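Participant: Below is the sequence, then the predicted model.
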Amino acid sequence: QVQLVESGGGLVQPGGSLRISCAASGSIFSINDMGWFRQAPGKQRELVATISRAGRTFYADSVKGRFTISRDNAKNSVYLQMNSLKPEDTAVYYCNADVGLRNGGGLMWDDYWGHGTQVTVSS
C-alpha cells in the first residue's frame, strides 16, 4: 500500500557533499514524522535525523552542523543534505515515515521503511 523509495546515494570524497531523497507513494492520507537512519557494516541501524510535519528537526550528535533534513509535504518527500562528509558516514541510509492511511471511517497509522541507498565516503 505504501512505498518509500530512496535515491541520490553514491560515492563521494571526504569533505564532499551529497543530497539523498525519499519519496513516499500509495494510498496516503497524511504523514507525521519522517526521518533518516543509517547502518554501517557490522553495526546497528542508528538514527541520523528526523523532521515533523511542522518542520521540527532533530539530529544525532555525530551529524549536527553537517547534515540538514528537510521535507516537502505536498510531495510526501524528505531530503537529507550531507556536507563535510567523513569516511565514518559511509553506510546504507534508510528513509522512515509514520504514515496515516484511511481505514473505514478513521485513520490507521503505521511505520514504513525504504530499501536503502548506499552512501560511500572514500578517496
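Facilitator: Happy to help now that I have it.
Participant: Quick check: phi and psi on the residue nearest to residue 25 when sequence neighbours are not counted?
Facilitator: Closest residue to residue 25 apart from its sequence neighbours, by C-beta to C-beta, 6 or more residues apart in numbering: residue 3 at 5.2 Å. For glycine as for every other residue, the C-beta is placed from the backbone atoms N, C-alpha and C. Note on residue 3: its backbone torsions stand at phi -120, psi 140 [degrees, to the nearest 10].
Participant: residues near residue 3, how many?
Facilitator: Residues contacting residue 3 under the criterion other C-beta atoms under 10 Å number 12.
Participant: Was I right to think it contacts residue 28?
Facilitator: No - using C-beta atoms under 8 Å, residue 3 is not in contact with residue 28, being 10.0 Å away.
Participant: Just read off the phi/psi values of the residue located most distally from the centre of the chain.
Facilitator: In the chain, residue 105 marks the outermost C-alpha relative to the chain mean, sitting 30.2 Å out by C-alpha atoms, centre = their mean. Dihedral pair for residue 105: phi -90, psi 0, per degrees, to the nearest 10.
Participant: quick one: the strands in the protein?
Facilitator: Secondary structure of the chain, counting by DSSP state E: strands at 2-7, 10-12, 18-26, 30-39, 46-51, 57-59, 67-72, 77-82, 91-103, 106-113, 117-121.
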